[in-house]
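S.K.: Give me coordinates for this.
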Amino acid sequence: MVSFASVGGGDFGESLPEAPARRPSHFMRMEGGGSLSTLDEDEDFTKPPREIPEGPDFTWRAAILGGLLGMIITMSNMYLGMKTGITIGATLFATLLGGAVLKPFMRCAGETLGIKEHATFQAAATAAGGLSGGLVAPVVALFWLGYFKGTAVDNAGYLFALVLGAAGFGTFFGVPFRKIMVIKQNLPFPDGTAAATVLRSMYKSAAEAAKAERKVRVMLISFGISLAIGIFFWFAPVFQVFPIFQLLSSCAPGYDVDPAGPSVLALCLATPGAVTAFAYANAWSWAIMPDPVFVASAFMVGPKVNWSMFAGAVFAWGIFGPAVYAAGKFGDADWVSFGNGRDKLFLWAGVLGMIVSALTGVALNAKSLFGTPSCCKRKEIAAEDATATDAEKKKKQEAEAEAATAKGGVDPMPDDKQTPAWVWMAGCGVFAVLAFGLYLGLFGDAVYTGTQYGMEAGVTWYAMLSGLILAFPVAFICAQVQGKSNWQLGSLVSKVCMLVLGAMGSSASSMLLIGNVISTGSSQVGDIVQAYKTGHLVGASPHAQFMAACVGSVFGLFGAVGAFLLFTSAYPCITDGNATDCEFPLSAAAAWKAIALAIEQGVSIGYNPDDTMTPEGLGLTIALPIIIIITMVAQHFWIPKRFHCFIPNWSMFCLSFLLQPYFGVAQATGQVILSIWTALNPQSAEDMKYPVASGLISGGCIASLVTAVIAIVAPQLEQAWGMTVYA
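M.R.: Numbering: from 1, shown residues only. I've put the predicted structure just below:
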């Protein structure tokens, strides 16, 4: 899974981004109506306020309403994750909607919304919003492997246990990580700092509050438009993914294909007057996707990400895949499809490329991320002092003293506002025991007696213990990276941890079960520390945020499992590993499954259906990581910054290998729309692109929930009008 926070946080080949500017014009949105503070005009919003604001810290209404919003966010992430493997960060989204949700309740109570209560709402929503990742990837892969029998509803209890076993880690690990990363290291946490800037700006002046209300109205209008479009697309799916190349190919639409007979492409090519090039383009899933959810995502992530995704789609599905087929390596047109291309040519290259890109970025920025070792630092200082004059030494000492004062390291919150150490330590211990007991009790090798590929499929006690031990350093590393760069690496690092589990003899299903704990827990802890950063910068009580996160995690648990049950009931193909036609590509699940099986069974190369990949896929899997490392190292050390725009964001480039190319087209379309908007009215685009994108994305995702309910309750209403893309 890739988080929108990650793709928007900078390119790892470059030096890591600095903390956001004091008052960035982006995300300057929020509700009005709150009590206005007396902050100084020149106050730096990237530092805690000089005085702790007045007003309540924790309120049940803020925690419960934040948890309810977090349920909606985690449901939205469920949809996005199954569609693309991408999720949205909850921190800024919750900040944007906080006032719109809380303000009516405050009016009824005759009270005024304060900034600290707003931070409580945001913490609850953030904790709830990121718990769906494990369900849309490793858990789906477990269904495909036959580990879970029956439908998702039949296994609802197991699903709750899987999410519960991972949810507690993020909530309790976040407390000590706040002390280390927010207070001591003062990491920027870009989303958290931007959210704090939004809040303090909004509560500073009536003018900013009114401006924020306009942005909220724009967001709500965008939400309504996207909701209506999403429901319309369900009744007329031809417009959601418009098969332009099928029209241009002159093939008749709407074939009913016998699975045992010729492919749709073969039937198309047999049509008199068919245009071969366009027929093949349609077979590789080239189409136009005007879905506002994916077009709007381009507004949030920046041009480099958008063009990198498009470039990856062009390379994979417009150049490499067609070239391999044109070389005559495969017998007939039945082979040409998105599914075969992904699984046999691009899956391993894409996954390994994303992992190598992330780890190379961490290595290149290790000094910025983790600091210089003390021994090396002393040598550097000694070498500098040996050549410096007395005046230079004095100037350096004064600068270091000033920097130390600015950095702080002292927690401004009094002890009664802190979460007691025994609470988070006991919580970590309880959830470790709970996860250990749940997983061994429900999924252990003593309980699960079936075999999978000749190996015991259950979780062994030593593998589970190793997973729990790995969870803490993985969460620490991922939170550290997210604090510096906004990149969320939980899913990618968890795949690396599967190698350790595989070396211990774990089965594929065992690796997926334990990988779910590591991935979900490490991702959630990064999000929660983002919320702590916001609270630190607005003067909110960390213990109030902790309690809100606990409440939010409960809501997120039910929201994530509930959404999974809803989607899998409406679209049974999600959990059917043999389904050939599904509403959702589920590429993230395919990647988890492929890695787990490869670690367990090994990799086979050839052109047979049972082979892991083709020789061409192997060559790409070897060559691409080498190219990535070389270009990232060159970008970091030697290539001038003005040329960095020509080097792709490799993570997004490789992500396109796992998605139909029309997702890359949608990202490029969104970027073109944003560029035109910016050219016509730069200020409007800068102020409104995020509210518009937030509204369109959330509206489309909620539409998916509505249509899923319709599909279950009244499936006869579905209208499959017109043509489909040959996937």
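
S.K.: Please report phi then psi for residue 241.
M.R.: With angles defined as degrees, to the nearest 10, residue 241 sits at phi -130, psi 90.

S.K.: What's the local residue count around the spatially closest residue to residue 152 that is not a sequence neighbour?
M.R.: Of all residues not flanking residue 152 in the chain, residue 568 sits nearest, at 4.0 Å (CB to CB, 6 or more residues apart in numbering). Just so you know, the C-beta spots here come from the backbone N, C-alpha and C atoms, and that holds for glycine as well. Residue 568 is flanked by 23 other residues according to other CB atoms under 10 Å.

S.K.: pLDDT averaged over stretch 141-153 - what is it?
M.R.: Averaging pLDDT along stretch 141-153 yields 87.

S.K.: let's have the chain start at 146 instead
M.R.: From this message on, residue numbering opens at 146, which makes the last subject stretch 286-298.

S.K.: first vs last residue of it, how far apart are they?
M.R.: 16 Å (CA to CA, to the nearest Å).

S.K.: you'd agree residue 268 is in a helix?
M.R.: Yes: judged by DSSP: H, G, I helix; E, B strand; the rest coil, residue 268 forms part of a helix.

S.K.: Could you verify my assumption that it touches residue 693?
M.R.: Yes: look at residue 268 against residue 693 with CB atoms under 8 Å: they come within range, at 4.1 Å.

S.K.: so what sits against both of the two?
M.R.: The contact sets of residue 268 and residue 693 overlap at residue 211 (CB atoms under 8 Å, 6 or more residues apart in numbering).

S.K.: For the residue nearest to residue 297, give me its contacts.
M.R.: Applying CB under 8 Å, 6+ apart, the residues near residue 713 are 296-298, 719-720.

S.K.: Out of these, flag the one nearest to residue 824.
M.R.: residue 719 (41.2 Å; CB to CB).

S.K.: doesn't residue 710 make contact with the closest one?
M.R.: No: Residue 719 is beyond contact range of residue 710, at 10.7 Å (criterion: CB under 8 Å).

S.K.: so what sits against both of these two?
M.R.: In contact with both residue 719 and residue 710: residue 297, using CB under 8 Å, 6+ apart.

S.K.: the more surrounded of the two?
M.R.: residue 719 (22 against 18).

S.K.: State the helix or strand in which residue 625 lies.
M.R.: Using DSSP states H and E, the element containing residue 625 is helix 606-630.

S.K.: quick one on the thing from earlier: what's the PyMOL line that selects buried ones from the contacts of residue 713?
M.R.: Restricted to buried positions by 16 or more other CB atoms under 10 Å, the PyMOL selection for the contacts of residue 713 reads:
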select buried, resi 297+719+720
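
S.K.: May I ask which two of the contacts of residue 713 are separated the most?
M.R.: Going by CB to CB, the pair spanning these furthest: 298 and 719, at 12.4 Å.

S.K.: Tell me which other helices or strands the helix or strand containing residue 835 touches.
M.R.: Residue 835 belongs to helix 827-858 when elements are defined using DSSP H and E. In terms of contacts (3 or more CB pairs under 8 Å, 6 or more residues apart in numbering; DSSP states H and E), helix 827-858 is packed against helix 205-229, helix 235-254, helix 351-380, helix 437-446, helix 687-715, helix 806-825.

S.K.: The longest one - what's its average pLDDT?
M.R.: Think helix 351-380. Helix 351-380 comes out at a mean pLDDT of 82.

S.K.: and if you look at the shortest one?
M.R.: For helix 437-446, the per-residue pLDDT values average out at 82.

S.K.: Give me the angle between that helix and helix 235-254.
M.R.: 110 degrees (axes from the mean of the first three to the mean of the last three CA atoms, to 10 degrees).

S.K.: could you dump helix 437-446 to CSV, C-alpha only?
M.R.: Taking Å, rounded to 0.1, in the frame of the first residue of the first chain, the C-alpha atoms of helix 437-446 are listed here in CSV:
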residue,chain,number,x,y,z
PRO,A,437,-13.3,12.3,-10.1
VAL,A,438,-11.8,10.3,-7.3
PHE,A,439,-8.6,9.5,-9.3
VAL,A,440,-8.5,12.7,-11.3
ALA,A,441,-8.7,14.7,-8.1
SER,A,442,-6.0,12.8,-6.4
ALA,A,443,-3.6,14.5,-8.9
PHE,A,444,-4.4,17.8,-7.1
MET,A,445,-2.9,16.5,-3.9
VAL,A,446,0.4,14.8,-4.9
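
S.K.: If I take it and helix 205-229, what angle do their directions form?
M.R.: Using the same axes, to 10 degrees: helix 437-446 against helix 205-229 is 110 degrees.

S.K.: ok, so of the contacts of residue 713, who is nearest residue 829?
M.R.: Once CB to CB is applied, the member of the contacts of residue 713 that ends up nearest residue 829 is residue 719, at 39.7 Å.

S.K.: which ones are touching that closest one?
M.R.: 227, 285, 288, 297, 712-713, 727, 729, 731.

S.K.: try 7 Å this time
M.R.: For residue 719, the contacting residues are 227, 285, 712-713, 727, 729, 731, by CB atoms under 7 Å, 6 or more residues apart in numbering.

S.K.: distance of it from residue 288?
M.R.: Per CB to CB, to the nearest Å, residue 719 is found 8 Å from residue 288.

S.K.: Next, count neighbours for the closest residue to residue 714 other than its chain neighbours.
M.R.: Distances taken as CB to CB, 6+ apart place residue 857 nearest to residue 714, at 5.4 Å, with adjacent residues excluded. Using other CB under 10 Å, residue 857 has 12 other residues around it.

S.K.: cool, residue 763 as well?
M.R.: Count around residue 763 with other CB under 10 Å applied: 17.

S.K.: Show me the contact partners of the helix or strand harbouring residue 426.
M.R.: For residue 426, the host element (DSSP H and E) is helix 421-428. For helix 421-428, contacts defined as CB under 7 Å, 6+ apart pick out 388, 390-391, 393-394, 396, 410, 413-414, 467, 481-482, 870-871.

S.K.: and the residues you listed, which two are the farthest apart?
M.R.: Largest pairwise distance in these, by CB to CB, is 18.8 Å, between 393 and 482.

S.K.: burial count for residue 755?
M.R.: 6.

S.K.: And the nearest residue to it once chain neighbours are set aside, its phi and psi?
M.R.: For residue 755, ignoring the flanking residues on the chain, the nearest one in space by CB to CB, 6+ apart is residue 749 at 7.2 Å. The phi/psi pair for residue 749 (degrees, to the nearest 10) reads phi -110, psi 140.

S.K.: Touching, residue 749 and residue 756? I think so.
M.R.: Yes: with contact defined as CB atoms under 7 Å, residue 749 and residue 756 form a contacting pair (4.7 Å).

S.K.: give the contact list for the nearest residue to residue 675 once chain neighbours are set aside.
M.R.: Nearest residue to residue 675, sequence neighbours excluded (CB to CB, 6+ apart): residue 337, at 4.0 Å. Contact analysis of residue 337 by CB under 7 Å, 6+ apart lists 236, 675-676, 678-679.
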